[in-house]
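>>> Give me the fold of what follows.
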Amino acid sequence: MGNWGFLPSPFTADAVSAVAFWLLLILSGVGAVLAAVLPGRRMSYTVSALCATAAGALAIVSAIGVLAGSPGPEASWPSALPFGPLLVHLDPLGAVFLLVIGLIYVPVAIFSIGYFARDGHGGNSASSSGSPRAYGALLCLLLASLVLIVSAADAVLFVVAWEAMAFLSFLIAAYYYTDLERTRSVYVMLAVSEGASALFIVAFLFLFGASGTFAFAGMRAAAPGMAIGERSILFLLVLIGFGAKAGIMPFQFWQTRTYPAAPGPVAALLSAIIMKLAIYGLFRFDLDLLGIGPVWWGLSLLLIGVGTAFGGVLYCLVQQNLKRLLAYSSVEHAGILLAGLGATLTFASLHLPVLAAIAGMATLYHVLNHATFKGLLFLGAGAVEHATGTVALERLGGLARRLPFVSATFLIGALAISAVPPFNGYISEWMLLESLLQSFATSDVLAKVVLTACGALLALVAGIGVTAFVRAVGVPFLGLPRSPQAEQARPVGWTLRLGLGWLAGLCLFLGIAPPLVLAGLDRVTTPLVGVSVFDRVVPPLYTGHPGAYAPLVGLGGKLFAGLIPGNGLIVIAAPAFTTIDSPSYLLLFEVGLLLLLWAARRLVRRLGVVRVGPVWAGGIPRFTPRMAYTGLAYSNPLRLMFNVVYHSRAETELTKPASRHQQGQIIYRQSVPEPFERSLYRPLRWLADQLAMRIKIIQSGSINQYLTYIFGIVLLILLLRAL
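Residues are numbered from 1 along each chain as shown. You can find the predicted model right below:
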């Protein structure tokens, strides 16, 4: 029997994490079985979704326990395979991503109950063809595979779980399988996943050759003894493999095709969880298994990440489909996460462990934040599709009155992704940008230039991102309805609202309680980088001798001492580190400014007389949807500014000339090709077609020819054995 790691004796608080971990795996299996055997389609997928919800909650409990210091669950499963036992160990790095899985799975499972309730289908029922019963089983099985990926302690279990995840995510994303266009788009995701698997499997085999074991512990010990050239080859293999799965350019095409084709809750899973597992793979290899490498490792990740973020946000700005807009935003944030990991590796290579740890904490914080606000935005887009049957921006409008709760929560997600305090995106993006601005601490000239340039470009990316999400909120939710679908939008059910409310609350909580999050993340970066930086990031206000932070004690030190498991409430207040001041100070200033404006408004009301009258509208008696500012018009100035990147085309056609008493009519068309479509994808497709035509002769349909192949292969095997 293997060592399963169940129930230490006596049963203590440290055992809660292990018990929750094993229970969530059991519950996932039970949910899949119940989905298959329970009578009634509605009951089967509802029960399986509730099982997935409970399993997600257990994942949160297990992850928080490990991040709070409890020993993670461990297991050694005997295997008949020649690779040795399968090893499970949930360490702090895996616990961060397990927390992401739990935080997203709970609202997605709840949301799915209502999303697929109407006639067993969601959104556009005319093209629906999936089975909710199968969806419920796949939802539970996918959860089990995700959990095993982040808790695998050997390469074999990691690969098996990854392959299960790739196949299950393909099946669940292909819910509308009779829609051939959607199914082809989802096939692209499966192909990219298999390509990624091939590359990191080769990397695992190299590490096995150096260590003689598939266990991560043995690989970790053997990697420093490998030649730097071999380790660099492994670094590149992993970068391309996991980078393609994360959606870095030029591999972003699978995301921008698959996310719009998948149902709303599945798109949330793909962006908030599946993409993060690629980031987990990069963290596991680059910081844990391979060890610290040369400076160019980190700089290359920085440049690729910032380039991906810049390209992603530019194409996000001009999309006319809400889900494609969010897909390109996911590409942008994949680049931001890659840049954060690059900064971590760069500082570690330059022997600046404190900066490396802070950059690593900021990146992992952004993993959590992006999962929550992007999951919220995709669920919001799914709710819009569920209520209207479309996500085309130019066919929406005025949804704030018809779907007030969806509009409010989508606005919260947009504010969070735009890094507006007090929501969570602000803290992690500020910390990451602050880390890049520490380039003056390095002695390497090239690193200084790259870090500074990447910091400036990320600031530009953040600004364009705000513009993109002003458009994403304003066009579909404000103004007047532009189509009958928008005008007749139906209110969504309480399960959809509950899922949206869960993630909206998380966006606020993660933004106002960063010390709680950073305390757990410090347990992740300490073993990876070798130094604890929690006291440097969160000043020790809760001690009897606050030192340089004595003036800040009144802001929460004495009030919350002993109530919150952290040092204080102020994030990075150290003058030796900060260059653009503390985010906590800025948040307090903005809250104070809002209170001041509110007080001034109340005072002015008392001093003056309020008169109510009709709003002057330029003499127009009634506004129509055609008078509204469209998304195309909103993004057009930036499209022209960056047309050297877009290579877009715009055409106008006069269909009805204006006369003295009649209005004219002009049709305006704009086309923005996909990034790398002309320079990379078309030449590759042409080359593949030509190669296929050349080798077509091999598959002629002749039985005699196939028998000749078999004879030749047998003859070759006999010759090889004779040698």
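
>>> Okay, strands next: where are they in this protein?
74-77, 86-89, 649-656, 665-671 (DSSP state E).

>>> tally of neighbours for M249?
22 (other Cβ atoms under 10 Å). Every residue, glycine included, has its C-beta placed from N, CA and C.

>>> Could you find the closest non-adjacent residue to it?
Distance criterion Cβ to Cβ, 6 or more residues apart in numbering; nearest residue to M249, sequence neighbours excluded, is T308 at 4.6 Å.

>>> ok, L277 - contacts?
By Cβ atoms under 8 Å, 6 or more residues apart in numbering, L277 lies in contact with F97, L146, I149, V150, W162, M165, K245.

>>> go with 6 Å
I149 (Cβ atoms under 6 Å, 6 or more residues apart in numbering).

>>> Also R231?
R231 touches L290, counting by Cβ under 6 Å, 6+ apart.

>>> rerun at 8 Å
With contact taken as Cβ under 8 Å, 6+ apart, R231 is in contact with A223, L290, G291, G293.

>>> Kindly report the same for L99.
L99 touches A59, I60, A63, I64, L67, L368, counting by Cβ under 8 Å, 6+ apart.

>>> can you rerun that using 10 Å?
59-64, 66-67, 150, 367-368, 371, 517, 520 (Cβ atoms under 10 Å, 6 or more residues apart in numbering).

>>> what does R685 give?
Counted by Cβ under 10 Å, 6+ apart, R685 has contacts E677.

>>> Now do it, the pLDDT please.
What the model reports for R685 is a pLDDT of 78.

>>> gap between it and E677?
Distance of R685 to E677, given as Cβ to Cβ, to the nearest Å: 10 Å.

>>> And W297, by the same measure?
From W297 to E677 the distance is 30 Å (Cβ to Cβ).

>>> neighbour count winner among these two?
W297 (23 against 14).

>>> Near L90, how many residues? Count them for me, please.
Counted with other Cβ under 10 Å, the neighbours of L90 add up to 28.

>>> Number of residues surrounding the nearest residue to it once chain neighbours are set aside?
Nearest residue to L90, sequence neighbours excluded (Cβ to Cβ, 6+ apart): G72, at 3.6 Å. Neighbourhood size, G72 [other Cβ under 10 Å]: 24.

>>> Was I right to think G72 contacts I64?
No. Assessed by Cβ atoms under 10 Å, G72 is found out of contact with I64, at 11.8 Å.

>>> what is in contact with those two at once?
Common contacts of G72 and I64 (Cβ under 10 Å, 6+ apart): S17, A95, L98.

>>> which residues does the second one contact?
Spelled out, that is A95. 17, 21, 59, 62-68, 70, 72, 150-151, 520, 523-524.

>>> 6 Å instead, please
A63, V66, L67.

>>> Check V88 too.
Per Cβ under 6 Å, 6+ apart, neighbours of V88: A75, S151, A153.

>>> can you check Y426 too?
A419.

>>> Tell me how far it lies from R497.
25 Å.

>>> Now the most centrally placed residue in the chain: closest residue in space that isn't a chain neighbour?
Among the residues of the chain, A272 comes closest to the average C-alpha position under Cα atoms, centre = their mean, at 3.8 Å. Spatial nearest neighbour of A272, chain neighbours left out: G375 (3.8 Å); criterion: Cβ to Cβ, 6+ apart.

>>> right, and the one you found touches A268 too?
Yes. Using Cβ atoms under 6 Å, G375 is in contact with A268, at 4.6 Å.

>>> Give the burial count for V449, as a bare number.
Neighbour tally, V449, other Cβ under 10 Å: 12.

>>> Sorry, slip of the keys, the one I care about is F83.
A count of nearby residues for F83, using other Cβ under 10 Å, gives 16.

>>> Confirm for me that it is in contact with F214.
Yes. Under the criterion of Cβ under 6 Å, F83 makes contact with F214 at 5.4 Å.

>>> which residues are in contact with both of the two?
V156.

>>> closest to Y280 among the shared contacts of G72 and I64?
Ranked by distance to Y280 (Cβ to Cβ), the shared contacts of G72 and I64 are led by L98 at 9.8 Å.

>>> which residues does the closest one contact?
Neighbouring residues of L98 by Cβ under 6 Å, 6+ apart: A59, A63, V150.

>>> can you do 8 Å?
So L98 contacts A59, S62, A63, V66, L90, V147, V150, S151 (Cβ under 8 Å, 6+ apart).

>>> Any of those buried? List them.
For the contacts of L98, a neighbour count by 16 or more other Cβ atoms under 10 Å gives the buried set as A59, S62, A63, V66, L90, V147, V150, S151.

>>> just to revisit the earlier point, among the shared contacts of G72 and I64, show me the least confident.
Among the shared contacts of G72 and I64, S17 has the lowest pLDDT, at 86.

>>> That one - nearest residue in space that isn't next to it in sequence?
G65 (2.9 Å).

>>> Where does pLDDT dip in the stretch 551-700 of the chain?
551-566, 573-581, 606-610, 615-621, 627, 653-656, 658-665, 667-668, 700 (pLDDT under 70).
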